[in-house]
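**Student:** Got a predicted model here, sequence first, then my questions.
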Amino acid sequence: MAYCTAAQVKSLSYAIKAEVTRGTIVDADITALAALVADPVIDAALFGRGAPFTTVPTIVQMISALLTVAELYNNYFSHRDDWDSSWAGARKKLAMERLEDLQSGKLQADEITAPAMVAISDPTLDRPETETFTGDETTWEMQSEERE
């Protein structure tokens with residue numbers, strides 16, 4: 001299941017909407033492209049923060065639609081090698097900026113969770129107080145008690 005709908009993608013470009021009307025592109029192709037191109041990028045960027053999503057946040061739908069429209073526009077209308085500086089490149093850049101905002105926490109959505117915190121313990125707390133350092137960092141001995 002793609003994170004965005006064909007209608008969301010078509011709403012971003014009159015040229016793509018016209019191609020769908022002519023029959024050059026069908027809605028199924030748009031959603032298949034979204035699932036193939038845009039959604040894996042989103043899942044990788046938000047891994048561990050709720051992705052892959054069962055309930056898709058609106059911001060993720062927007063990012064998926066922007067990445068998909070950029071790919072469609074590039075495939076059908078761009079005949080240059082430097083497409084990243086064109087209309088499609090601007091849409092892709094915007095999508096990636098919003099994705100980075102979600103990663104950094106600048107943007108938030110209910111379905112996107114905070115990254116898991118890693119707890120690092122103090123290695124000195126794992127050793128008994130009666131241990132003493134006798135050589136290299138892996139050699140420890142128990143203190144011996146001598147009584148007179």
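**Tutor:** Now that the structure is in, tell me what you want to look at.
**Student:** From the structure, what's the count of residues near Arg91?
**Tutor:** 22 (other CB atoms under 10 Å). For glycine as for every other residue, the C-beta is placed from the backbone atoms N, C-alpha and C.
**Student:** now swap in Leu46 and tell me
**Tutor:** Here the count is done by other CB under 10 Å, and Leu46 has 23 residues near it.
**Student:** what sits up against the top helix by length along the chain?
**Tutor:** Among the segments of the chain that qualify as a helix by DSSP state H, the longest is helix 58-77. Residues external to helix 58-77 that are found in contact with it (CB atoms under 8 Å, 6 or more residues apart in numbering): 2-5, 8-9, 11-13, 15-16, 19, 24-25, 30, 33-34, 37-39, 41-42, 46, 53, 56, 83, 87-89, 91-92, 94-95, 98-99, 102, 107, 109, 111-112.
**Student:** Can you give me every residue that contacts the residue nearest to Thr5 when sequence neighbours are not counted?
**Tutor:** With CB to CB, 6 or more residues apart in numbering as the criterion, Thr5 has its nearest non-adjacent residue at 6.9 Å, and that residue is Thr31. Contact analysis of Thr31 by CB under 8 Å, 6+ apart lists Ala2, Cys4, Thr5, Ala6.
**Student:** hey, C-alpha coordinates of the helix or strand containing Ala44 in CSV?
**Tutor:** Assigned by DSSP states H and E, Ala44 belongs to helix 39-45. Extracted C-alpha coordinates of helix 39-45, given in CSV (Å, rounded to 0.1, in the frame of the first residue of the first chain):
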residue,chain,number,x,y,z
ASP,A,39,7.8,4.9,0.5
PRO,A,40,11.0,2.9,0.9
VAL,A,41,12.9,6.3,1.3
ILE,A,42,10.4,7.3,4.0
ASP,A,43,10.5,4.0,5.8
ALA,A,44,14.3,4.1,5.9
ALA,A,45,14.4,7.6,7.1
